[in-house]
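1. What would the 3D arrangement of this be:
(chains A and B)
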Amino acid sequence: MIAEFGLAALWLAAALAAFQLIAGSLALTERGEGLAGAVRPVAVVQGLLTAIAFVALILVFARTDLSVKLVAMNSHSMKPLIFKIAGAWGNHEGSMLLWVTVMSLAGGFVALVERRLPERTMLATLAGQAFVSLGFYAFLLISSNPFERLDPVPAEGNGLNPLLQDLGLAFHPPTLYLGYVGLSVAFSFAIGALITREVGPAFARAMRPWVLAAWIFLTLGITAGSYWAYYELGWGGWWFWDPVENASLMPWLAATALLHSASVLAARNALRAWTVMLGVVAFSMSMIGTFLVRSGILTSVHAFAVDPERGSFILVLLAIYIGGALTLFGLRAATVTEGERFAPVSREGALVINNVALCAILGIVLFGTLYPLVTEAFDTKVSVGPPYFNPMGAVFFVPMLLVLMVGPLLRWRRDSLARVRPAIIAAGLAILAAVIAVLLVGGVGVLPFIGLVLAVGLAVASVMPLRGRNLRRTPLAVWGMVLAHLGIAVALFGMASESAFSVERLVALREGESATVGPWTVRLDAVEPVAGPNWTALEARMTARYKDGGGSMLLPQARSFWAPPQQTTESALKTRWNGQLYTVLGGESPGQTGPGRWQVRLWWKPFVTLIWYGGLLIGLGGVLALIGRTASDIRRVIARDKIAYRRERQNR
Amino acid sequence: MASAANSGLKPKHQRLVLLVIALVVLIAAALLAIWALRNQASYFYVPSEIVADPPSPDRAVRLGGMVEAGSLRTEPDGVTIAFVVQDGEAQVPVRFSGIVPSLFVEGSGVVAEGKMRADGTFVADNLLAKHDENYVPREMQNMTEKQAKQVVAETQ
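-> Numbering: from 1, shown residues only, chains lettered A, B, ... in the order given. Below you'll find the predicted structure:
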């Protein structure tokens, strides 16, 4: 019953989206103006209906209603409740429903609160949003209905992939989806502005908070996903250049570029066509990512379904949306007039370099991700990994970081490097000190070396914009920028340090034996069986001592789930301020006489945690900027309303 | 160029300059990517291909196939394993030091990343086992139904 209710809500929402598209488009013409009033309410109701459908799916999963095919395929009555609920989006159909839900809720939210743009642009924007949603409704309802019934009802479900039974999963995909799909708002804004020819500072100011919000979610989602892969997969790595990771990185790169170009457009009315273009590109990257992940064209942890029909469906959607938007852009780009001029050494100049570099990195990642697909068409199977991505990305990342050190200090329009000389000297000294320090330590590869050194320089340079300011009166947006840039430095330091100084040890230990890894001595005390709600495990009791310090206990596990039958390794981590000890219990080493030996893998990863603290800082910077900008916008709106109100009274 | 931009460059020209810079950088990125991909991509082999035409020993490649039943041994150091990967036509001995992925069992699909030594042993530095029961290594998908059945029959 609940399932049918959810399905009905979904069909209704799809119908409303169609109505929203037609009404929004007609309202732009003279004869259809009467329909204008209906568009916003319809968008809101459409959002609510998809939310209802999504809640219905969660209810079905929470009750483990096995007559619903999706539940039977992906859930199990013995699973803990939180993973039953998280399981609702841990599969293809559910995650597509989440996608549609976020998309129409975002559209509804825009319809509800956005009042800064001319109404015609808003109508075009909402029609665009409905147009994009409609394709995904069709995809959901025609080829991946989450509410499909199963007859006969099976006695028990298949269960959820144990790798995904983790609290990280409960929050990582929804966060990322908020980011991916939040960018659809930017896409619709870009289309709306192109259609009504309203590309200007007002458009950028209206679009910026939405992009910022999506970007914050993307940042946090990627950070969380990276940490999840790090501790759950038990491989000791935090980024694998897996196509699915790339699929989340590409929209982030585009959104970062968009964020910066939007601020140029908002402040200086320059980079107009470029900003619109990025608005289209950012969401296109989200859709390409979805295509890569959902089409089953790539095999990875995340690829739930291998179904060519779905792949071609998404490919058609991609062609319609990206092709359509680019065509519109091509038709209208010529009518977007040139923006204001600026000198090469200026805030705008620095941001142009940021944008071009980010787009180049985006191109590198996109090429590397698609290349295996292209060669496969010619019957050669290849895989592309870190030896390609790391140095090629660095070619553009390094110059961008160098510009980032001075860019935020430059004035708009025209400036000279001489004016910011003290800051350059400070950053230069920091870099020099870092070079000497790293050389003294020695044995560091080229890329980690560059990373460490630039991270130190950037950390110093990133706080320079606060110099000479009254800290209590500094706008939140400036704090946000400083924190986000500092976060880049912090994360970069963590990445470079992890890659430069990690120590790894792989040993087979008997109970009571010890092994050393870096400054740690780890003793295997015992290996004992333990049991959880839907798994059993072998748990190793280890005592780890840092140099001569006290021992602390670590309990890595090798878990066996029985529904579906599968094994996972649960790593155990010991975090210190200067890094993390990472332990994994492997299997029992067979073929030995006497007491058994256990495979144990140990890593000492200095400053690895900075990677994720840096990510959080970047996200926090975004939050501060969002609060600052929104608050000043609200103040402006209130002030305008007051003025209008007084004028009205005076006239009377 | 700096002075030109300062001294009365028309907006239209500035736009053109920006466009050209962006295009040049992006094309450079694309060319760089293509060049690097030709050199860096690691090629995928199934056992019959790698036996017929072995890659040079310094080239990182991937080997995908089924782990032959009964072939898995552990060396005396307790952390190095040796096994045979096969695709129904050819067999390749593989050595790997490390903790095997939790889903790695005899008879399952595996993708080994590493190098093919001149003596015909594949030394893996990473093993990717199938992630769940829906996942089959892609080269297995391309096998004919009969081949797949044969492999399954052999490895069970």
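
2. after the helix or strand bottoming out on mean pLDDT in chain B, next one along is what?
-> Lowest on mean pLDDT, DSSP states H and E among the helices and strands of chain B sits helix B:2-6, with a mean of 42. Going down the chain from helix B:2-6, the next helix or strand is helix B:11-40, by DSSP states H and E.

3. packing partners for that following helix?
-> Helices and strands touching helix B:11-40, by 3 or more CB pairs under 8 Å, 6 or more residues apart in numbering or on different chains; DSSP states H and E, are helix A:347-377, helix A:386-406. Backbone N, C-alpha and C define where each C-beta goes, glycine included.

4. Run the angle between it and helix A:347-377 for me.
-> 40 degrees (axes from the mean of the first three to the mean of the last three CA atoms, to 10 degrees).

5. Would you mark the buried spots in helix B:11-40?
-> Using 16 or more other CB atoms under 10 Å in any protein chain shown as the test for burial, helix B:11-40 gives B:14-15, B:18, B:22, B:25, B:29, B:32-33, B:36-37, B:40.

6. mind giving me the domain ranges of chain B?
-> B:2-40, B:44-155 (automatic domain parsing).

7. measure the most centrally placed residue in chain B to B:Thr121 for me?
-> In chain B, the residue lying closest to the centroid (CA atoms, centre = their mean) is B:Arg62, at 4.0 Å. If you measure B:Arg62 against B:Thr121 using CB to CB, to the nearest Å, the figure is 16 Å.

8. residue in chain B nearest to chain A?
-> Relative to chain A, the nearest point of chain B is B:Gly78 (2.5 Å; CB to the nearest CB).

9. just checking, that residue touches A:Arg510?
-> No: between B:Gly78 and A:Arg510 there is no contact, the gap being 9.5 Å when judged by CB atoms under 8 Å.

10. who's more crowded, these two?
-> The residue with more neighbours, out of B:Gly78 and A:Arg510, is B:Gly78; 24 against 15, by other CB atoms under 10 Å in any protein chain shown.

11. Need the residue closest to the centroid of chain A.
-> Taking CA atoms, centre = their mean, chain A has its central residue at A:Leu218, 2.6 Å away.

12. Give me the helices and strands touching the host helix or strand of it, please.
-> With secondary structure defined by DSSP H and E, A:Leu218 is part of helix A:201-232. The contact analysis (3+ CB pairs under 8 Å, 6+ apart) places helix A:201-232 against helix A:167-196, helix A:243-268, helix A:272-294, helix A:610-651.

13. need those in JSON lines with distance to A:Arg576, mean neighbour count and mean pLDDT, can you?
-> Putting the helices and strands packed on helix A:201-232 into JSON lines (distance: least, CB to CB, whole Å; neighbours: other CB atoms under 10 Å in any protein chain shown; pLDDT from 0 to 100) gives the following:
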{"stretch": "helix A:167-196", "distance to A:Arg576": "22", "mean neighbour count": "24", "mean pLDDT": "85"}
{"stretch": "helix A:243-268", "distance to A:Arg576": "27", "mean neighbour count": "24", "mean pLDDT": "92"}
{"stretch": "helix A:272-294", "distance to A:Arg576": "36", "mean neighbour count": "25", "mean pLDDT": "86"}
{"stretch": "helix A:610-651", "distance to A:Arg576": "12", "mean neighbour count": "16", "mean pLDDT": "90"}
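
14. With respect to A:Phe54, which of the ones you listed lies nearest?
-> Evaluated with CB to CB, the helices and strands packed on helix A:201-232 place helix A:167-196 nearest to A:Phe54, the distance being 10.3 Å.

15. just the helices in the stretch 401-550 of chain A please.
-> In chain order, the stretch 401-550 of chain A shows helices spanning A:421-441, A:446-462, A:476-501, with DSSP state H, counting those that start in this stretch as the criterion.

16. next one: chain B
-> All helices of chain B, identified by DSSP state H, fall at B:2-6, B:11-40, B:47-52, B:138-141, B:145-155.

17. what angle do the second one and helix A:386-406 make?
-> Note on geometry: by the same axes, to 10 degrees, helix B:11-40 and helix A:386-406 are set 150 degrees apart in direction.

18. Let me know the angle separating helix B:11-40 from helix A:272-294.
-> Inter-element angle recorded for helix B:11-40 and helix A:272-294: 30 degrees (by the same axes, to 10 degrees).

19. now helix B:11-40: mean pLDDT?
-> Per-residue pLDDT values over helix B:11-40 give a mean of 84.

20. picking that back up, so the residue nearest to the centre of chain B is in contact with B:Val46, correct?
-> No: judged on CB under 8 Å, B:Arg62 makes no contact with B:Val46 at a distance of 9.9 Å.

21. what packs against the helix or strand hosting A:Ala8?
-> According to DSSP H and E, A:Ala8 maps onto helix A:2-27. Contacts defined by 3+ CB pairs under 8 Å, 6+ apart place helix A:2-27 against helix A:36-62, helix A:92-113, helix A:119-138.

22. Buried residues of the longest one, list them for me.
-> It stands for helix A:36-62. Within helix A:36-62, the residues that qualify as buried are A:36, A:39-40, A:42-47, A:49-62, counting by 16+ other CB under 10 Å.

23. Please list which of these are also close to chain B.
-> Contacts with chain B are made by none of the buried residues of helix A:36-62, judged by CB under 8 Å from any CB of the partner chain.

24. quick one, what contacts the residue nearest to A:Tyr180 when sequence neighbours are not counted?
-> Excluding the flanking residues, the one nearest A:Tyr180 by CB to CB, 6 or more residues apart in numbering or on different chains is A:Ser286, at 4.0 Å. A:Ser286 sits next to A:180-181, A:183-184, A:251 when contact means CB atoms under 8 Å, 6 or more residues apart in numbering or on different chains.

25. ok, A:Arg597 - contacts?
-> Per CB under 8 Å, 6+ apart, neighbours of A:Arg597: A:508-510, A:588-589, B:78.

26. Compare the helices of the stretch 401-550 of chain A and give me the one nearest chain B.
-> With CB to the nearest CB as the yardstick, what comes closest out of these is helix A:446-462 (14.0 Å).

27. can you tell if the closest one touches chain B?
-> No: Helix A:446-462 stays clear of chain B (CB under 8 Å from any CB), getting no nearer than 14.0 Å.

28. In TSV: the contacts of A:Arg597, plus pLDDT and distance to B:Asp87.
-> Below are these laid out as TSV (pLDDT from 0 to 100; distance: CB to CB, whole Å):
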residue	pLDDT	distance to B:Asp87
A:Ala508	87	31
A:Leu509	87	36
A:Arg510	86	38
A:Glu588	75	30
A:Ser589	70	29
B:Gly78	75	29
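
29. for these, which one is nearest A:Gly622?
-> A:Leu509 (45.1 Å).

30. Can you tell me how far A:Ala14 is from A:Val68?
-> A:Ala14 sits 20 Å away from A:Val68, going by CB to CB.

31. ok, now A:Ala350?
-> Taken as CB to CB, the span from A:Ala350 to A:Val68 is 54 Å.

32. I'd like the helices of the stretch 401-550 of chain A laid out as TSV, including mean pLDDT, distance to A:Leu331 and mean neighbour count.
-> Shown next, in TSV, are these (pLDDT from 0 to 100; distance: least, CB to CB, whole Å; neighbours: other CB atoms under 10 Å in any protein chain shown):
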stretch	mean pLDDT	distance to A:Leu331	mean neighbour count
helix A:421-441	92	44	15
helix A:446-462	94	41	22
helix A:476-501	94	35	22
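
33. how about CSV for those, with distance to A:Gly407 added?
-> CSV is the format used below for the helices of the stretch 401-550 of chain A (distance: least, CB to CB, whole Å):
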stretch, distance to A:Gly407
helix A:421-441, 11
helix A:446-462, 9
helix A:476-501, 9
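
34. Thanks a lot, catch you later.
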